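Chemist: Give the three-dimensional model of this entry:
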Amino acid sequence: MINNKIKRWNRITSLMIIFILVAGFLISLYNYKHLDFTIYINNARVKLEKEREQIERGIYPETEYPYIVFDTSGRVLFATSEFKQEKDDTIVVDEMLQMDRSFAKQYPGYQKCPLVLNNNNVCIGFVVYLLPRSHVVSDLHARNEVLSFLPIGIGIILSIILLILRSIYCNLRILKPLQRISSSSQAIIAGNYDIEVLRVYDNKLQANEIGDLTYSFELMRDELKAKQISEQAIRKSQQELISCISHDLRTPISTIKAYSEGIRDGIAATDIERQEFLSIIINKTNLLEGMITELLEYSNAQLNQMDIQRKEVYFQSYIKEITRELRIYIEQRNIQFECTYPEEDFIILIDQKRITEVLYNLIENSMKYMDSAHGFIQLITKREKGVLSIHIIDNGIGIRAEDIPYVFDKFYRAEKSRSSNVPGSGLGLSISKYIIHQHGGEIYCRSRKSNGSEFWFTLSCI
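Modeler: Now for the predicted structure:
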């Protein structure tokens with residue numbers, strides 16, 4: 001497409017140049033042919049009139065100008081040496097009277113000035129003078145001759161200007177963008193996606209194939225850059241995952257190993273001690289199982305392969321069932337639990353299993369960072385303008401303001417000094433955020449250090 005357009009513009013430019021040159025040549029030729037020599041020839045005739053009268057009487061005077069005298073039959077009566085003719089030679093009358101190309105070549109810089117010889121008003125012959133052109137043609141006429149060739153000169157200048165403009169246009173609008181695309185391509189090959197191609201001229205995108213090519217190339221570069229950033233983030237995430245898995249799995253595995261060795265070595269001598277050791281091993285095994293499950297879910301979320309099956313659910317039946325489960329789960333930890341929800345019933349489109357998982361993640365997160373002896377968790381649901389919001393409020397240690405933007409990031413823990421004592425993989429809130437987003441909702445956090453936290457998320461009602 002671009003090549004065809006360039007060829008088309010080249011053809012148009014060539015035709016314009018040919019037209020300008022031909023038109024200039026024809027105008028110059030016309031002007032030259034129509035130069036009026038008559039007035040200058042008449043001036044010369046006046047100047048030579050006295051000499052002509054002498055020649056008519058048969059007297060051939062010496063003059064400053066070469067001349068030849070011949071009768072009507074072409075017989076030479078007299079000729080100066082410049083004509084290289086002898087007396088009684090025969091010449092062609094018409095050729096001698098006319099200014100032809102052979103004469104101009106033989107006598108460069110001279111102009112013929114033919115005069116008629118009469119005897120009693122009867123033509124008896126001719127005299128032809130060779131006058132230097134400068135003596136016949138005035139300076140004004142010389143300028144007119146120059147001006148007659150002005151159109152062809154203007155045509156040549158216009159053609160040169162047209163070629164220069166065409167070259168500038170091709171350089172600015174075609175070659176430079178292509179050079180930038182080539183430079184950016186080489187940079188992309190080297191792994192640098194930051195070299196932009198200039199795509200805008202005077203704040204307007206070029207409305208041609210080069211503009212389209214540049215725009216498409218920029219889209220491609222942006223996509224490649226985004227993929228590069230994504231790949232870098234994935235590699236960083238993988239490194240963080242390996243580091244965090246190693247850190248979080250080390251403690252329960254070490255505990256399981258220590259208590260297993262204690263049973264093997266007879267440290268737990270009584271049945272009660274062995275049961276206590278086995279109970280600790282089972283708890284740590286359950287913790288490992290939960291962490292591995294979270295890692296699997298996080299991996300599926302990263303690959304967009306987490307199974308989300310949304311179905312129509314009556315809100316009242318769901319909230320009553322889940323709060324009953326949560327109450328038992330929370331109060332077993334000696335933490336107070338309170339639940340408030342609207343009395344009217346309505347339908348929500350959710351994956352019950354995944355939303356329940358989100359609630360457990362938020363509740364579990366609240367219980368990790370509170371004093372169980374004085375702990376309090378409140379679940380509040382609200383419905384406004386077709387949007388259901390579910391709030392989890394606690395009286396735990398709270399979160400610093402500078403940490404709130406990162407609480408939903410994977411492996412992030414605001415209480416870094418206590419992270420080794422807090423169970424879990426650090427993926428629960430990140431997984432919860434993914435699940436809520438897959439439901440078309442949003443999840444938020446509001447907290448103050450030492451004043452508890454509030455997490456809530458939104459879901460659309462049908």
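
Chemist: Every contact and neighbour count from this point should use C-alpha atoms.
Modeler: Will do.

Chemist: Other residues contacting stretch 255-268?
Modeler: Applying Cα atoms under 8 Å, 6 or more residues apart in numbering, the contact partners of stretch 255-268 are 269, 274, 277, 278, 280, 281, 284, 285.

Chemist: contacting residues for residue 104?
Modeler: residue 110.

Chemist: Kindly provide the distance from it to residue 48.
Modeler: From residue 104 across to residue 48, the span is 22 Å (Cα to Cα, to the nearest Å).

Chemist: same thing with residue 230?
Modeler: Here residue 230 is placed at a distance of 101 Å from residue 48 (Cα to Cα).

Chemist: tally of neighbours for residue 449?
Modeler: Residue neighbour count, defined by other Cα atoms under 10 Å, stands at 12 for residue 449.

Chemist: Give me the phi and psi for the residue lying closest to it once chain neighbours are set aside.
Modeler: Take residue 449 and drop its neighbours on the chain: the residue closest to it by Cα to Cα, 6 or more residues apart in numbering is residue 398, 4.4 Å away. Dihedral pair for residue 398: phi 80, psi 180, per degrees, to the nearest 10.

Chemist: Equivalent analysis for the one 10 residues further on, please.
Modeler: Main-chain dihedrals, residue 408, degrees, to the nearest 10: phi -90, psi 0.

Chemist: Isn't it up against residue 434?
Modeler: No: counting by Cα atoms under 8 Å, residue 408 does not reach residue 434; the two are 9.5 Å apart.

Chemist: care to break this structure down by domain?
Modeler: 38-136, 199-305, 311-460 (automatic domain parsing).

Chemist: beta partners for residue 446?
Modeler: Legend: beta-bridge partners of residue 446 under DSSP bridges are residue 454.

Chemist: oh sorry, the question was meant for residue 382
Modeler: For residue 382, the beta-bridge partners are residue 389 (DSSP bridges).

Chemist: pLDDT score for residue 148?
Modeler: What the model reports as pLDDT for residue 148 is 62.

Chemist: Now restrict the contacts of stretch 255-268 to buried residues only.
Modeler: For those, a burial check counting by 16 or more other Cα atoms under 10 Å picks out 274, 277, 278, 280, 281, 284, 285.

Chemist: Give me the lowest-pLDDT entry from those residues.
Modeler: Within these, pLDDT is lowest for residue 284, at 81.

Chemist: Look up how far residue 250 lies from that residue.
Modeler: Distance from residue 284 to residue 250, by Cα to Cα: 11 Å.

Chemist: Next: residue 306.
Modeler: Taking Cα to Cα, one finds residue 306 at 27 Å from residue 250.

Chemist: Excluding chain neighbours, what is closest to residue 123?
Modeler: Distance criterion Cα to Cα, 6+ apart; nearest residue to residue 123, sequence neighbours excluded, is residue 117 at 5.8 Å.

Chemist: Please list all residues in contact with the one you found.
Modeler: By Cα under 8 Å, 6+ apart, residue 117 lies in contact with 52, 55, 56, 123, 124, 125, 126, 127.

Chemist: Closest to residue 254 out of these?
Modeler: Using Cα to Cα, the shortest approach to residue 254 within the contacts of residue 117 belongs to residue 127, at 135.4 Å.

Chemist: The nearest residue to the closest one once chain neighbours are set aside pairs with what?
Modeler: Once flanking residues are discounted, residue 127 sits nearest to residue 69: 4.4 Å by Cα to Cα, 6+ apart. Beta bridges link residue 69 to residue 78, residue 127, judged by DSSP bridges.

Chemist: hang on, isn't residue 69 packed against residue 78?
Modeler: Yes: Residue 69 lies in contact with residue 78 (Cα under 8 Å); the separation is 5.0 Å.

Chemist: Which one's more surrounded, these two?
Modeler: More crowded of residue 69 and residue 78, by other Cα under 10 Å: residue 69, with 24 against 20.

Chemist: quick one: the helices in the protein?
Modeler: Using DSSP state H, the helices of the chain run over 2-33, 38-47, 49-56, 93-97, 101-106, 133-136, 139-148, 150-170, 176-189, 209-264, 271-302, 315-331, 352-368, 428-438.

Chemist: Can you lay out those as a markdown table showing distance to residue 62?
Modeler: Below are these laid out as a markdown table (distance: least, Cα to Cα, whole Å):
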| stretch | distance to residue 62 |
| --- | --- |
| helix 2-33 | 34 |
| helix 38-47 | 15 |
| helix 49-56 | 9 |
| helix 93-97 | 21 |
| helix 101-106 | 23 |
| helix 133-136 | 18 |
| helix 139-148 | 28 |
| helix 150-170 | 41 |
| helix 176-189 | 75 |
| helix 209-264 | 79 |
| helix 271-302 | 116 |
| helix 315-331 | 135 |
| helix 352-368 | 129 |
| helix 428-438 | 119 |
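
Chemist: and of these, who's closest to residue 452?
Modeler: Judging the helices of the chain by Cα to Cα, what sits closest to residue 452 is helix 352-368, at 8.8 Å.

Chemist: can you give me the angle that closest one makes with helix 315-331?
Modeler: 30 degrees (axes from the mean of the first three to the mean of the last three Cα atoms, to 10 degrees).

Chemist: just checking, what packs against helix 352-368?
Modeler: Under the contact definition 3 or more Cα pairs under 8 Å, 6 or more residues apart in numbering; DSSP states H and E, helix 352-368 sits against strand 387-394, helix 428-438.

Chemist: and the angle from it to strand 387-394?
Modeler: Using the same axes, to 10 degrees: helix 352-368 against strand 387-394 is 30 degrees.

Chemist: Okay, buried residues for helix 352-368 please.
Modeler: Buried-residue list, helix 352-368, by 16+ other Cα under 10 Å: 352, 354-355, 357-363, 365-367.

Chemist: where does the stretch 151-300 of the chain have low pLDDT?
Modeler: 173, 198-210, 237-238, 240-248, 251, 294, 300 (pLDDT under 70).

Chemist: tell me, how many neighbours does residue 50 end up with?
Modeler: When counting by other Cα under 10 Å, one arrives at 10 neighbours for residue 50.

Chemist: Could you check the pLDDT of it?
Modeler: Note on residue 50: pLDDT of 78.

Chemist: same question, residue 431
Modeler: pLDDT recorded at residue 431 is 83.

Chemist: Hmm, it is touching residue 296, no?
Modeler: No: between residue 431 and residue 296 there is no contact under Cα under 8 Å: 10.4 Å.

Chemist: contacting residues around residue 355?
Modeler: Contacts of residue 355 (Cα under 8 Å, 6+ apart): 435, 436.

Chemist: Distance of it relative to residue 308?
Modeler: From residue 355 to residue 308 the distance is 10 Å (Cα to Cα).

Chemist: what touches both of these two?
Modeler: With Cα under 8 Å, 6+ apart as the test, residue 355 and residue 308 both reach residue 435.

Chemist: ok, back up a step: which of the contacts of residue 117 are buried?
Modeler: Counted by 16+ other Cα under 10 Å, these give 52, 55, 56, 125, 126, 127 as buried.

Chemist: which residues touch the fifth one?
Modeler: Contact criterion Cα under 8 Å, 6+ apart gives 69, 70, 71, 72, 114, 115, 116, 117 as the residues in contact with residue 126.
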